[in-house]
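Q: Structure, please.
(one chain, ligands or ions: 1)
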Amino acid sequence: MKQIKIFDTTLRDGQQCPGAGMSHSKNIEYAQLASLIKVDVLEAGFPSASEQDHAIVSQIARMYAHQNRSPKVAALSQLREAQVEQTIEALSPLVKSQRAIVHLYVPVAPELMAASLGAYADDKNQILRDVQGMIELAVGAGMEVEFSPEAYSQMGDHFAFTTDLISAAIDAGASTINCPDTIGRACYLQGDDYFVNHMNQHAHIMREQFPDRDITWSVHCHNDFGLALDNSMRAVFEGPATQIEGCFNGIGERAGNVALEQCIMYLNAFGHSQPGEVYRSQCRSKHIRRISDFVHQNMLPRQPHWPIGGDNAAKHSSGGHTNAILRNAHIYQPFNPSEVGQQISFVFGPLSGSNHAQAIIQKHGYVCTDDERQTIMQYIKDHHKERRKGLTDDEFMAAYFAFRAPIKVAKIGFERIKNKQHFAMQAKVFDQAEDIHFIAQDDDTAITALHQFLQQRFGECQIQSYRSESREPGRHAKAHATITVVADDEYFQGKAQDQDIETAALKALIDAYNQFLVQRHYRQPIQTERHAAVGLRD
Ligand SMILES: CC(C)C(=O)C(=O)O
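A: Numbering: from 1, shown residues only. Below is the predicted model:
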């Protein structure tokens, strides 16, 4: 088995992108999650960037120093002695357990060298001496060293210089050579210039030069052309890389870095496809959703359709898909979502089918027979025809209750005629048309009259509270009534609105009563087997 190390730079490269920065305490929280998911290396920051960055790296180093199985900690440094010293200082708590990595970088692409190093770029021998000297300094302080020739994929005619740099770095004690596609412009169609080919050449040259050294080759890809995953995987499967650098949810400079959760799951799914070798990471994939949620909530929002950890990655709506899933839970999933801490869930939408509707109703413990499921589904779709984006379960069930409602009122009124209070209602009650009319007591209000009628007809039910309000200004504002009743030891809240305050209250009471009656007549034991079979969320 070939173990592929996962180098997590969410806190460093991830926080370099606009909008992703987090407070000190959130950085620490993230480090705990990185340890839980078991990345091999956590790049905790750039200690020389500010006092706070130094303090964050140093606290993470102290925290991990007390935990045996936590990741190694890397911290980034430019080729400047003062920076290297600050980096060493921040990482020092991990020296004893040999888990501190100074990550030193210098550009090698010609244009980038000129733009970021100025005149220093012309003195290649000095750069070579500095790389050698600073790595020796870090190694002497008990650090591991990772060396990155920045913009390696754009090195152009600097191949020989890059070879010298890598050679100097290894000679001075660097144990990892990281090959970045800094601007996300690498593509296998580049042929001989493709950076993975260069990595193979460099790995070969270094093996010849340092036959006794065990060098880790690492890859660090940005996603500007959407090729970060392809490039990272080619570096592993076609090149010498045994370490992948990236960020959870693919955050990072510009279009981001390769998404680590995609790399981990790619290895899980395809790592055994090559003859004679199995590639795996040691990460506990079941925590992917948790760390992905953290990045989503505290760094940058995640697209719903984001691969692996996105909300929609295990959510289904269309009829054809949900139908098949109800028979075979994982038929439309490329892997079992529980591997990444997700569950299959359904959203009822305009393209959903009657099987899906029936499953939701039964999951909530109500009756929906095979004969009626088509009618109920159509009713619910018509009831919410403006909701093209799908219904929550609450909205869906409210429509189911409206469909089942035993009392469907066509006309309702309460008026005084010849000194008597008259109550009148035209309604369908359990599908029978009825014309209800009676003379109420003198001191009855419309509500008490209706309440008495409903109790006599359908059984005991107490009014717990009644509220009526107008939510809009002006004389045309509607009255919104809310009435809560208690029946069979359960609470039912009825709501209604009408231009007339009294009618709104009457309708709200009927709504509450309807819910009580739906519960009484259509409740059934929850169909747990089917529910469990499709892994629906509770
Ligand atoms: C410092 C290096 C590794 C980097 O972040 C890049 O090249 O993108």
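Q: Up against the ligand, what does the stretch 1-150 of the chain have?
A: Residues of the stretch 1-150 of the chain lying close to the ligand by Cβ under 6 Å from any ligand atom are 13, 105, 148, 150. Where C-beta positions appear, they are placed from N, C-alpha and C, glycine not excepted.
Q: mind listing what the residue nearest to the last one when sequence neighbours are not counted touches?
A: What it means is Glu150. Take Glu150 and drop its neighbours on the chain: the residue closest to it by Cβ to Cβ, 6 or more residues apart in numbering is Pro107, 4.2 Å away. If a contact means Cβ atoms under 8 Å, 6 or more residues apart in numbering, then Pro107 has 113, 116-117, 149-151 as its contacts.
Q: Out of those, the closest to the ligand would be?
A: The shortest approach to the ligand among those belongs to Glu150, at 4.5 Å (Cβ to the nearest ligand atom).
Q: Run a quick neighbour tally on that closest one.
A: One way to gauge burial is a neighbour count; for Glu150, by other Cβ atoms under 10 Å, it gives 20.
Q: Doesn't Met425 lie inside a helix?
A: No. When the secondary structure is assigned by DSSP: H, G, I helix; E, B strand; the rest coil, Met425 falls in strand instead of a helix.
Q: how close does it sit to Leu117?
A: From Met425 over to Leu117 the distance is 87 Å, taken as Cβ to Cβ, to the nearest Å.
Q: More neighbours: which of the two?
A: Shown here are Met425 and Leu117; by other Cβ under 10 Å, Met425 has more neighbours (21 against 16).
Q: Pretty sure the more buried one sits against Phe414.
A: No. Checked against Cβ atoms under 8 Å, the pair Met425 and Phe414 is beyond contact range at 9.3 Å.
Q: shared neighbours of the two, anything?
A: What both Met425 and Phe414 touch, as defined by Cβ under 8 Å, 6+ apart, is the set Leu450.
Q: buried stuff in stretch 449-466?
A: Residues of stretch 449-466 classed as buried by neighbour count (16 or more other Cβ atoms under 10 Å): 449-451, 454, 458, 461, 466.
Q: what does it rub up against?
A: Outside of stretch 449-466, the residues that reach it under the criterion Cβ under 8 Å, 6+ apart are 414, 421, 423, 425, 436, 438, 440-441, 444, 447, 481-487, 491, 505-506, 508-510, 513, 516-517.
Q: at 7 Å instead, please
A: Outside stretch 449-466, the residues within contact range by Cβ atoms under 7 Å, 6 or more residues apart in numbering are 414, 421, 423, 438, 440, 483-487, 491, 505-506, 509, 513, 516-517.
Q: do stretch 336-347 as well
A: Residues outside stretch 336-347 that contact it (Cβ under 7 Å, 6+ apart): 261, 265, 285-290, 308-309, 313-317, 322, 325, 329-330, 333, 356, 390, 534-537.
Q: Show me how far that stretch is from its chain's centre.
A: Per Cα atoms, centre = their mean, to the nearest Å, the displacement of stretch 336-347 from the mean C-alpha position of its chain is 11 Å.
Q: got it, and stretch 4-13?
A: Between the mean C-alpha point of stretch 4-13 and the mean C-alpha point of its chain there is a distance of 18 Å (Cα atoms, centre = their mean).
Q: Distance across it, terminal residue to terminal residue?
A: Start-to-end span of stretch 4-13 (Cα to Cα, to the nearest Å) is 20 Å.
Q: quick thing: my sequence starts at 30, can you match it?
A: Right, with 30 as the first residue, what we last looked at is stretch 33-42.
Q: Taking the buried residues of stretch 478-495, tell me the two that lie furthest apart.
A: Maximum pairwise distance in the buried residues of stretch 478-495, criterion Cβ to Cβ, is 18.8 Å, between Phe487 and Tyr495.
Q: Show me which positions of stretch 401-411 end up buried.
A: Those buried within stretch 401-411 under the rule 16+ other Cβ under 10 Å are 402, 405-406, 408-410.
Q: Residues touching stretch 148-159, excluding its own?
A: Counting by Cβ under 7 Å, 6+ apart, residues outside stretch 148-159 touching it are 108, 135, 142-143, 190, 193-194, 197.
Q: confidence score at Asn260?
A: As summarised for this prediction, Asn260 has a pLDDT of 98.
Q: Can you show me the helices along the stretch 30-179 of the chain?
A: With DSSP state H, counting those that start in this stretch, the ranges of helices along the stretch 30-179 of the chain come out as 53-66, 80-94, 110-120, 139-146, 153-169.
Q: Tell me where the model's unsure across this protein.
A: 556-567 (pLDDT under 70).
Q: can you rerun that using 50?
A: Using pLDDT under 50 as the threshold, the predicted model of the chain has low-confidence ranges 558, 560-567.
Q: just to revisit the earlier point, mark which of the contacts of stretch 478-495 are buried, thanks.
A: With neighbours counted using 16+ other Cβ under 10 Å, the contacts of stretch 478-495 contain these buried positions: 443, 450, 452, 469, 512-516, 534-535, 538, 542, 545-546.
Q: Please verify my assumption that Gln387 contacts Thr404.
A: No. Counting by Cβ atoms under 7 Å, Thr404 is not a contact partner of Gln387; they are 11.3 Å apart.
Q: For this protein, which residues are neighbours of the ligand?
A: Contacts of the chain with the ligand, taken as Cβ under 6 Å from any ligand atom, map to 42, 134, 177, 179, 207, 209, 211, 249, 251.
Q: how does it look with 5 Å?
A: Residues of the chain found near the ligand (Cβ under 5 Å from any ligand atom) are 134, 177, 179, 209, 211, 249.
Q: Go through those and say which is closest to Tyr551.
A: After measuring the residues of the chain next to the ligand against Tyr551 - Cβ to Cβ - the closest member comes out as His249, at 58.9 Å.
Q: sorry, back to before: out of the residues of the stretch 30-179 of the chain next to the ligand, list just those in strands.
A: Mapping those onto strands (DSSP state E) picks out 134, 177, 179.
Q: circling back: tell me which of the buried ones among the contacts of stretch 478-495 is nearest to the ligand?
A: Using Cβ to the nearest ligand atom, Thr513 is the member of the buried ones among the contacts of stretch 478-495 that lies nearest the ligand, at 59.1 Å.
Q: Now do the SS call for that closest one.
A: Counting by three-state DSSP, the backbone at Thr513 sits in strand.
Q: which ones are touching the nearest residue in space to Gln115 that is not next to it in sequence?
A: Closest residue to Gln115 apart from its sequence neighbours, by Cβ to Cβ, 6+ apart: Ser77 at 4.4 Å. Contacts were defined as Cβ under 7 Å, 6+ apart; by that measure Ser77 touches 106, 112, 115-116.
Q: No further queries at this time; thank you.
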